[in-house]
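>>> got a predicted model here, sequence first, then my questions.
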Amino acid sequence: MTTVATVTASLTRHLDRVTRRRKRLGAPQVLVRSPLLEGEFRYGASETPFHAASVGKMPTAVVVMQLVEEGMFTLDTRIAEILPVDTLRGLFVVDGVDRAGEVNVRNLLDHTSGVADYFEGIVDAGPGFLDLILSEPDHLWLPEELLGFSRDRQRAVASPGEEFQYSDTGYVLLGLAIETVTGVPFHRSLHDRIFTPLGMSESYLMFKSSPARALAPISPLWLGTVEASTFTSISCDWAGGGIVSTVDDLMRFDIGLHDGTLLSSSSSAELQAMRHRFLRGIYYGSGMMEIRFEEFFFLLRGLPRPTGHIGVLATQVFYDAVHDAHIVMNFHSTREMRRSFRTLIEIERGLARLAR
């Protein structure tokens, strides 16, 4: 007979093995909450804040949809109607034609605008962006510089609406659009619209704001073999994922996203309408992903399809509607994505056993 005790013991053994194999990386941070667990499962230093990486695209998308609900703009509004010409200059040139006037808010949310990706995209010359983060650790990146990197060192990858191409540059534009229509800094919108209403007192936008509670050092953050948690250059994420949070605060966010606190059901459904394939087994809506485990391995067929987002540091926030399970994880490193997904599979298998 499968019990909560046997499932949590199995998850603990799995994570103990993972922690031993991670050596100097230490224990990952994991929090799972579901009625099937009769509460929650925790592992690692759950009280320690960490850089959430691209998990932060979900709060950005939520603020965009809140502004849509308030009538500030629509998903079909051209971004050129919101942002100045100079901000968009050179970002959407395809075959010598500037197509910035064709890009709408939806294109930026679902990564179909055609704009390059400053963080991991191909550069015409010189070092890639990750190399700059490591070689210039004291550099404080401003949103305009991030756009400048794509403008000067990269090329648009497609005409607006033609292709799905994941782009942090596009989310910087969304952050600037939020600032323009609200008249307040992007981080203020995060606090006023999400962090404060949900009681996320340990969350903030790194280098831009502070948490409601006392500031604590963030957990280690490994870019390859380099521990970069104290680097000023990790300011490069901003609206594409510059949030620092804890597993508990991100749990509060995920619950608020799915219980109607943050968005109407129609707006939430818009974010979760999976129109594009990101990678095998991972599909993309508008600021949210869906995992289809059966594409990873045929024996995983039958597991639910959780929705949420991952980050390059092997951060994950997902909601499994079948088991009413909220899952938050931080594996601290760009080299730990595989282990984080193996753990997600272990969690889902455990929940499935309890549901039988």
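Cool, got the structure.
>>> CA atoms for contacts and neighbours, from now on please.
Will do.
>>> so what's the gap between the strand or helix carrying L173 and the chain middle?
Using DSSP states H and E, L173 maps to helix 168-182. Distance, stretch centre to chain centre, for helix 168-182: 15 Å (Cα atoms, centre = their mean, to the nearest Å).
>>> now stretch 292-303
23 Å.
>>> what are the buried residues along that stretch?
R292, F293, E294, L303 (16 or more other Cα atoms under 10 Å).
>>> quick one, helices of this structure?
Counting by DSSP state H, one finds helices in the chain at the ranges 4-22, 57-69, 85-88, 105-109, 129-135, 143-153, 168-182, 186-190, 196-198, 247-258, 265-271, 337-355.
>>> report all helices and strands that the first one contacts.
Contacts of helix 4-22 with other secondary structure elements, assessed using 3 or more Cα pairs under 8 Å, 6 or more residues apart in numbering; DSSP states H and E, are made with strand 39-43, helix 337-355.
>>> which pLDDT value goes with L221?
pLDDT for L221: 96.
>>> now do the contacts for it.
Going by Cα atoms under 8 Å, 6 or more residues apart in numbering, L221 touches F50, H51, E227, A228, S229, L313, H332, S333.
>>> I figured the last one hits W222, correct?
Yes - under the criterion of Cα atoms under 8 Å, S333 is in contact with W222, at a separation of 4.5 Å.
>>> now the common contact residues for those two.
By Cα under 8 Å, 6+ apart, the residues touching both S333 and W222 are L313.
>>> the two - which one has more neighbours?
For S333 versus W222, the count of surrounding residues by other Cα atoms under 10 Å is larger for S333: 22 against 18.
>>> hang on, the earlier thing: tell me which of the helices of the chain sits most buried.
helix 105-109 (a mean of 25; mean count of other Cα atoms under 10 Å).
>>> hmm, who's touching that helix?
Residues contacting helix 105-109 (Cα under 8 Å, 6+ apart): 61, 74-79, 113, 160-161, 170-171, 173-174, 286-287.
>>> 6 Å instead, please
L75, T77, I79, S113, G170, S286, G287 (Cα atoms under 6 Å, 6 or more residues apart in numbering).
>>> centroid-nearest residue for this protein?
The structure's the chain has its C-alpha centroid closest to V55; by Cα atoms, centre = their mean the separation is 1.9 Å.
>>> distance check, it against E202.
Shown here: V55 relative to E202, a distance of 16 Å by Cα to Cα, to the nearest Å.
>>> re earlier: turn the contacts of helix 105-109 into CSV, columns for pLDDT and distance to L37.
What follows is these, written out as CSV (pLDDT from 0 to 100; distance: Cα to Cα, whole Å):
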residue, pLDDT, distance to L37
L75, 98, 39
T77, 98, 44
I79, 98, 45
S113, 98, 42
G170, 98, 39
S286, 98, 30
G287, 98, 28
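>>> quick one: which of these is most hemmed in?
S113 (31 neighbours).
>>> am I right that that one is in contact with S159?
No - if you go by Cα atoms under 6 Å, S113 and S159 don't touch, sitting 7.0 Å apart.
>>> please name the nearest non-neighbouring residue to P306.
Of all residues beyond its chain neighbours, the one nearest P306 is D320 (4.3 Å), with distances taken as Cα to Cα, 6 or more residues apart in numbering.
>>> neighbours of that neighbour, how many?
Neighbour count of D320, defined by other Cα under 10 Å: 20.
>>> and it, what pLDDT?
Note for D320: predicted pLDDT of 98.
>>> please name the bridge partners of it.
Taking DSSP bridges as the rule, D320 bridges to A325.
>>> what's the answer for the one 10 residues further on, then?
Beta-bridge pairing of N330, defined through DSSP bridges, involves Q29, T315.
>>> now it: how far from S229?
To S229, N330 is 14 Å away according to Cα to Cα.
>>> neighbour count winner among these two?
Remark: of N330 and S229, N330 carries more neighbours, 31 against 18, as counted by other Cα under 10 Å.
>>> can you pull the contacts of the more buried one?
P28, Q29, T315.
>>> for the second one, give me the pLDDT.
The predicted local distance difference test score for Q29 is 98.
>>> just the last one next, same as before
Each residue has a pLDDT score; the one for T315 is 98.
>>> that one: how many residues sit nearby?
Neighbour number of T315 under other Cα under 10 Å is 28.
>>> the residue lying closest to H51 once chain neighbours are set aside and V18, how far apart?
Residue nearest to H51 in three dimensions, not counting chain neighbours: V244, with 4.5 Å by Cα to Cα, 6+ apart. Per Cα to Cα, V244 is found 24 Å from V18.
>>> what of E144?
Taking Cα to Cα, one finds E144 at 40 Å from V18.
>>> start to end distance for stretch 315-330?
Where stretch 315-330 begins and where it ends lie 4 Å apart, using Cα to Cα.
>>> just stretch 307-321 next, same as before
Stretch 307-321: ends 8 Å apart by Cα to Cα.
>>> give me the contact list for that stretch.
By Cα under 6 Å, 6+ apart, stretch 307-321 touches 53-55, 288-290, 306, 325-334, 336-337.
>>> what do you get if the cut-off is 7 Å, keeping everything else the same?
Outside stretch 307-321, the residues within contact range by Cα atoms under 7 Å, 6 or more residues apart in numbering are 52-55, 288-291, 304-306, 325-334, 336-337, 340.
>>> which of the residues you listed are buried?
Judged by 16+ other Cα under 10 Å, buried ones among those: 52-55, 288-291, 304-306, 325-334, 336-337, 340.
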